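Undergrad: using only what follows, build the 3D model:
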Amino acid sequence: KKKHPKGIVGTQIAHISPINKGDIVWTVNAVDLPVIGRAVLKGEYIPEYKVAVTGSMVKNSGYATMLQGVSLSSFNTSNVEAGNARIIAGDVLSGTQIEADGYLSFGKSQITAIPEGNQTEFFGWVLPGFGKFSTNRAFWGWLFPNRKYDLDTNMHGEERAFVVTGEYDKFIPMDIFPQHLLRAVMIGDIEKME
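TA: Numbers count the residues shown, from 1 in each chain. Model (predicted):
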């Protein structure tokens, strides 16, 4: 299986030259390079970005050229399907929720629109879940590996206890113990995080 998140800068640094306590590393986002290059070569600062427009609620996914700080209200009304959508500046794992009339903030190169998922499901845990996505056979949906799912933000219940299952080990590309790290983050223990 592929490991995630290979494209994140911290993961690449950890594989190329790991950081020790007290080290300082500077990075530049790839989307910022054309802006910096234009400023150096032509003396013009034009914060124009290629932004990936993604998500199941988007009418026309692809790339759009936008100025940093631009209002997204007209863009969202014309390109996001009508309904209850969550607009995210960034990707679904690390992005931040913005309002439909929000702005493209600094350093963001992706806008995602997915269903809000605020519907309730009566006895959802009892049903076999043929239409639910599952990687660990919790629902019968694993029988259909090629099915496309329209994932939303629904947690299917309340916040739950953190249960160690070993699932994180399949996806973490670094040689760390993810459960131990997440527990240290949850209790705010900086020494254990290091």
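Undergrad: low pLDDT regions in this structure?
TA: 1-7, 124-125, 157, 162-164 (pLDDT under 70).
Undergrad: so which residues of it form helices?
TA: With DSSP state H as the criterion, the chain has helices at 9-16, 33-42, 73-79, 178-187, 190-193.
Undergrad: residues touching G129, list them.
TA: Listed by C-beta atoms under 8 Å, 6 or more residues apart in numbering, the contact set of G129 reads A138, F139, W140, G141. Any C-beta I mention is one placed from the backbone N, CA and C, and that applies to glycine too.
Undergrad: selecting buried members of those in ChimeraX, what would you type?
TA: Remark: buried members of those, expressed as a ChimeraX selection using 16 or more other C-beta atoms under 10 Å:
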select :139,141
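Undergrad: so which of the contacts of G129 comes closest to A30?
TA: G141 (35.5 Å; C-beta to C-beta).
Undergrad: list phi and psi for N29.
TA: Per-residue torsions, N29: phi -70, psi 140 (degrees, to the nearest 10).
Undergrad: that one: how many residues sit nearby?
TA: By other C-beta atoms under 10 Å, 14 other residues sit near N29.
Undergrad: what about the residue lying closest to D169 once chain neighbours are set aside, distance to T77?
TA: Computed as C-beta to C-beta, 6 or more residues apart in numbering, the closest residue to D169 that is not its neighbour in sequence is P178, at 6.5 Å. According to C-beta to C-beta, to the nearest Å, P178 and T77 sit 40 Å apart.
Undergrad: more neighbours: those two, which one.
TA: P178 (16 against 11).
Undergrad: check contacts around the more buried one.
TA: Here P178 is in contact with Y168, D169, I172 (C-beta under 8 Å, 6+ apart).
Undergrad: which phi and psi does the nearest residue to W140 once chain neighbours are set aside have?
TA: Nearest non-adjacent residue to W140, counting by C-beta to C-beta, 6+ apart: P128, 4.5 Å away. Backbone torsions of P128, given as degrees, to the nearest 10, read phi -70, psi -20.
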